[in-house]
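K.L.:
The following block contains a protein sequence and its predicted model.
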Amino acid sequence: MKEIILAIDCGTTNLKAALFDYKLNCMISGETALEYLKKDTISAEFQGKKVWQTLKGLIIDLAASAGIKTERINKISITGQANSITILDDKFDEIMPFISWLDIRSKKESRLIYERFKGKFQQHCSIKEPRPGMAVSKLLWLKKHNPEVLDGDGKLISFLSYIAMMFTSSFVTEPNTAALEGIYSIPENKWRQEILDYIGINAAQLPEIITTGSHIPVIRQKSGLPLPGGIKVIFAGNDQTANAVANDLENRNIIINLGTALVLYRKMGIRMGPFGEDSIWGPYPEGGFYEMYCDRFGTNAVDWALNELLYSGDIQEFIKLASSRKYTTDSNIFFYPSKIGSNCLWKGDGNREQKARAVFEGMCFYIKDKLESLFKVSDLEYSLTLTGGGSKNSYWSQMIADVLGKEISLTSGDTLLGCAKLAVKGSRLPGTRQVDRFHPDKKKTEWFNKQFKKWSDLNA
């Protein structure tokens, strides 16, 4: 029987899944909303069992629509969000809802951890310093506000590990996502004892660490799905890593992911990080390490500006408005995506058309600034690949190529494909992933270089 792979992406907003054949051709894919028990500006929680039932329903529906029985699925690969955690009892049942990585109730605790471990935190962790959304901060918060859940046999589990446990009954995790949680040491490849001592928990309350991409031991299935007895289940790391795998990331390539957030991602070879104070680093599943920059100013910044200038959600109308201003026209209005919410968002004056164009220019300049200041990228060092929802905007994609003065490849490789690839050792990606190339216009690049200097000078 030829392989059928189930790829699962446990996202923050949606649960996604797809079925792939043994050649990594997608047979069918779908998604459904991740339902929260509560979600506001401070707290965010969801019920693991309820989310699992939702995911199980999605898997059943996909298999039925593809005309196959779930018994034919013989490999499962799991990726998604990090730092959403719950606590299990001695029977491995939830004793509290999952606290999402979006939850920031542990602001005070993250500051306390920072004061205690500053200067050496990023030597062990993917992230520069503790944040309220990280597992380490949530654990300290639980110790102070709900200590009974961690007393005795209370066990910490992440969302990805919980989904894997439903298929295998194994209590395990892997380094790529664990490195983002603040309690794991990348160079030591184990839970960081001085952090555990500070919080007041022990390693027995934490999952066993296995290699990313290795088979998770199947003790017994808890899924309630009819699956074959010899099914193989793996972790594919975090979602941005799976996206990199889907695009055959090489050491001299950078992925620009224009999702809701802006993500810049590259492999760094065998040299261990940290590579920069403001970037994220960690183990790459196929060996070596990665460096990543991530912030919230991706397509959501464009969406914000669209609604601000048009009072509607029509992106095509917004592009038409922006493209009505030619690049040769001197611009005296500049947009700074990182200043959304402040009175420094715009510099200069302009009409709606000029502002619309300035939004795309500002986003491109922001990407250029991060590539040069954080990744230290010179003009000729790296090839560039564009992914994410924003890459479907050809106007924006072409402007990125012109601003950077680099040819950019646009591919169809996504998180679910990378997830599936890691489940099939030595597999090759389908040859149809590259869907377009954007070539820079030399004259436009020269003009944008002058505009970028103005943009940078005004932002200094």
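P.N.:
Structure's in. What do you need?

K.L.:
Tell me where the model's unsure across the chain.
P.N.:
Filtered on pLDDT under 70, the chain yields the residue ranges 1, 251, 311-313, 327-330, 378-380, 430-434.

K.L.:
name the helices or strands packed onto the longest helix anywhere in it?
P.N.:
Counting residues, the longest helix in the chain under DSSP state H turns out to be helix 352-373. When contacts are defined as 3 or more CB pairs under 8 Å, 6 or more residues apart in numbering; DSSP states H and E, helix 352-373 packs onto strand 262-267, helix 299-310, helix 315-323, strand 333-335, helix 394-404, helix 442-459. All C-beta atoms are positioned from the backbone trio N, CA, C, and that covers glycine.

K.L.:
between those, which gets nearest to Q193?
P.N.:
Nearest of these to Q193, taken as CB to CB: strand 262-267 at 29.6 Å.

K.L.:
For S331, give me its contacts.
P.N.:
S331 sits next to 325, 348, 350, 354, 357-358, 361, 451 when contact means CB atoms under 8 Å, 6 or more residues apart in numbering.

K.L.:
Pull up the distance across stretch 209-228, start to finish.
P.N.:
One end of stretch 209-228 sits 25 Å from the other (CA to CA, to the nearest Å).

K.L.:
mind starting the numbering at 642 from now?
P.N.:
Sounds good: first residue 642 from here, last item stretch 850-869.

K.L.:
Could you list the buried residues of it?
P.N.:
851, 853-854, 857, 859, 862, 864, 866, 868 (16 or more other CB atoms under 10 Å).

K.L.:
what does that stretch contact?
P.N.:
697, 700-701, 710-715, 805-811, 813-817, 819, 825, 830-832, 872-878, 924, 926-927, 1063-1064, 1066.

K.L.:
buried subset of the residues you listed?
P.N.:
700, 711, 714-715, 805-811, 813-817, 819, 825, 832, 872-878, 924, 926, 1063-1064.

K.L.:
Let's see which of the residues you listed end up in helices.
P.N.:
Counting by DSSP H, the buried ones among the contacts of stretch 850-869 place 700, 805-809, 816-817, 819, 1063-1064 in helices.

K.L.:
Between all of the residues you listed, which two are at the greatest distance?
P.N.:
Taking CB to CB as the measure, these reach their widest spread between I700 and P816, a distance of 26.6 Å.

K.L.:
hmm, back to that, next, give me the two most distant ones among the buried residues of stretch 850-869.
P.N.:
Going by CB to CB, the pair spanning the buried residues of stretch 850-869 furthest: T853 and L866, at 23.8 Å.

K.L.:
list the contacts for the closest residue to Q1039 other than its chain neighbours?
P.N.:
Nearest residue to Q1039 in three dimensions, chain neighbours excluded: F1079, at 5.0 Å (CB to CB, 6 or more residues apart in numbering). Going by CB under 8 Å, 6+ apart, F1079 touches 1027, 1035, 1038-1039, 1041-1042, 1048-1049, 1051.
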